[in-house]
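> pasting the structure only:
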């Protein structure tokens, strides 16, 4: 199976394939041959630590070259990577470590301090030293089935408890080949990678497309608007994947710089959250490019995409990708007519193998015939374009990250004097949505203390933007909070 991921090395071992950040603002470079040798050395290290096919390896890191080394080494060995959001803290980390049971977690010394007591960890500095050792090592070649699990990506459910979506080698390969074909990605492209690699958008799309196409990738630690002018001007990318929040920030750059960036760019892609139509229009006017919006999930990678050639319709996510089937069904599971909102079901080679150690959740999500219930609502136009119309659950997408109200509510209810709590998603121009908490308390509300509690327990993007005290939460006869009756709040 690894032969597919090594297609970029054929005849190109001496060609530079990766540029990355070094301390002091410097840039490092690696050829594809050097990348292969680094991953072989790291694979040998993992073998010496007892890792075998099927073992799990957590990766709790920001973007850096060692992240790439670990991913490739694990793919070679059949070790299942468990990428972990670098913003996660004790509560979230404890659940993932207990559920996935990784043999070890690769992280920094600081990151290790957040891990549950007793968790085995490998210092990323050791990975870096081993990867950079001189000399040649024999590559590891294992015969892995395409259905071998490659990654467990944690994605929250409606109850707020994270479930691990198992993605196979075939899932990653089929998705990348689809995107290379449909988005015309070739070895001549220059891909600027600023999305976090712990997310399927940056890893399952970006890294895998880079590997199979053999193009040049510039890996940035993160997207920073202050650094964007130099990154774009110096690297001159032709390909960029982002989330709506990033495109909102790029609109802040001067018109002249935007025009220069647009003059060399071939394709901007947006995903992980809905792209507001007015942002697409403003970006086209400023950069001279219509952003290509698509629709995917952790469990499925990419499902639907606006066309590379043809109308990229504002507000729409386009057409199903080759090999991916999409249905829209009503509340009884029957096919919905065009222009009618229903739940999206998808099926194809991109569909995950199931939830890690959750057979009941898997059976509930994957219906007879292999159809996956996305939980997203949408409709199909008469000419075949799909448009998302919200979610079946209360999922909030903020800056491309998924967060679920119940998880935040449980933390708030731990605070003395909080008798009731509900968290809602409120529209925000930059992040798409932000969480806002409504609370029933015995005493006057201490917003600073509540925020401090949330920051100790949760990732920063899950911390409510505001804490609003109410006398009671409006509930219907079944006890469900009627969120539309809560006092409005605007960011």
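In hand now; what should we look at? The structure presented is a predicted model; accordingly, all values stated were derived computationally and were not measured.
> CA only for contacts and neighbour counts going forward, please
Noted.
> which residues of the stretch 351-491 of the chain fall in strands?
354-355, 372-380, 386-391, 396-398, 401-403, 418-428, 432-441, 466-469 (DSSP state E, counting those that start in this stretch).
> Out of those, which gets nearest to residue 29?
Checking the strands of the stretch 351-491 of the chain against residue 29 by C-alpha to C-alpha gives strand 401-403 as the closest, at 30.1 Å.
> returning to that earlier point: how about the strands of the stretch 351-491 of the chain in TSV, adding distance to residue 137, mean neighbour count and mean pLDDT?
TSV is the format used below for the strands of the stretch 351-491 of the chain (distance: least, C-alpha to C-alpha, whole Å; neighbours: other C-alpha atoms under 10 Å; pLDDT from 0 to 100):
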stretch	distance to residue 137	mean neighbour count	mean pLDDT
strand 354-355	36	22	98
strand 372-380	43	20	92
strand 386-391	49	19	82
strand 396-398	44	23	87
strand 401-403	39	19	82
strand 418-428	51	19	89
strand 432-441	48	22	94
strand 466-469	55	18	95
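> From residue 309, how far off is the spatially closest residue to residue 186 that is not a sequence neighbour?
The shortest distance from residue 186 to any residue other than its chain neighbours is 5.3 Å, reached at residue 213 (C-alpha to C-alpha, 6 or more residues apart in numbering). Distance from residue 213 to residue 309, counting by C-alpha to C-alpha, to the nearest Å: 20 Å.
> Which one of these two is surrounded by more residues?
A direct count of neighbours by other C-alpha atoms under 10 Å for residue 213 and residue 309 places residue 213 higher, at 23 against 9.
> how does this protein divide into domains?
Split into domains by automatic domain parsing, the chain comes to 2-380, 396-485.
> Surely residue 464 is in contact with residue 435?
Yes - counting by C-alpha atoms under 8 Å, residue 435 is a contact partner of residue 464 at 4.7 Å.
> what do the two both touch?
residue 423 (C-alpha atoms under 8 Å, 6 or more residues apart in numbering).
> circling back: buried deepest among the domains of the chain, which one?
Most buried of the domains of the chain by mean neighbour count (mean count of other C-alpha atoms under 10 Å) is domain 2-380; its value is a mean of 19.
> Give me the distance from that one to the chain's centre.
6 Å (C-alpha atoms, centre = their mean, to the nearest Å).
> Tell me which residues touch the most centrally placed residue in the chain, please.
Note on the chain: the residue nearest the mean C-alpha position is residue 199, at 2.8 Å, using C-alpha atoms, centre = their mean. Listed by C-alpha under 8 Å, 6+ apart, the contact partners of residue 199 are 83, 85, 153.
> now swap in residue 175 and tell me
Residue 175 neighbours (C-alpha under 8 Å, 6+ apart): 204-205, 301-302, 349-350.
> That one should be in a helix, yeah?
Yes - assignment of residue 175 by DSSP: H, G, I helix; E, B strand; the rest coil places it within a helix.
> How is residue 40 assigned, secondary-structure-wise?
With three-state DSSP as the criterion, residue 40 reads helix.
> Okay, and the residue nearest to it when sequence neighbours are not counted sits in which element?
The shortest distance from residue 40 to any residue other than its chain neighbours is 5.5 Å, reached at residue 139 (C-alpha to C-alpha, 6+ apart). When elements are assigned from DSSP states H and E, residue 139 belongs to no helix and no strand.
> hang on, residue 139 packs against residue 42?
No - Residue 139 sits out of contact with residue 42 when judged by C-alpha under 8 Å, with a separation of 10.7 Å.
> all helices of the stretch 201-350 of the chain, in order?
208-213, 228-235, 244-250, 255-264, 277-287 (DSSP state H, counting those that start in this stretch).
> And the residue nearest to residue 186, what's its pLDDT?
For residue 213, the pLDDT comes out at 94.
> ok, it touching residue 183?
No - with contacts defined as C-alpha under 8 Å, residue 213 does not count as touching residue 183, sitting 11.6 Å away.
> And residue 68, how close does it get to residue 219?
Counting by C-alpha to C-alpha, the gap from residue 68 to residue 219 is 10 Å.
> hang on, the earlier thing: want to throw the domains of the chain into a markdown table with distance to residue 387?
As requested, those are arranged in a markdown table below (distance: least, C-alpha to C-alpha, whole Å):
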| stretch | distance to residue 387 |
| --- | --- |
| domain 2-380 | 4 |
| domain 396-485 | 17 |
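> between those domains, which gets nearest to residue 389?
The closest of the domains of the chain to residue 389 is domain 2-380. By C-alpha to C-alpha, the value is 4.7 Å.
> And the pLDDT for residue 1?
46.
> In contact with residue 419: list those residues for me.
Residue 419 neighbours (C-alpha under 8 Å, 6+ apart): 413, 439-442.
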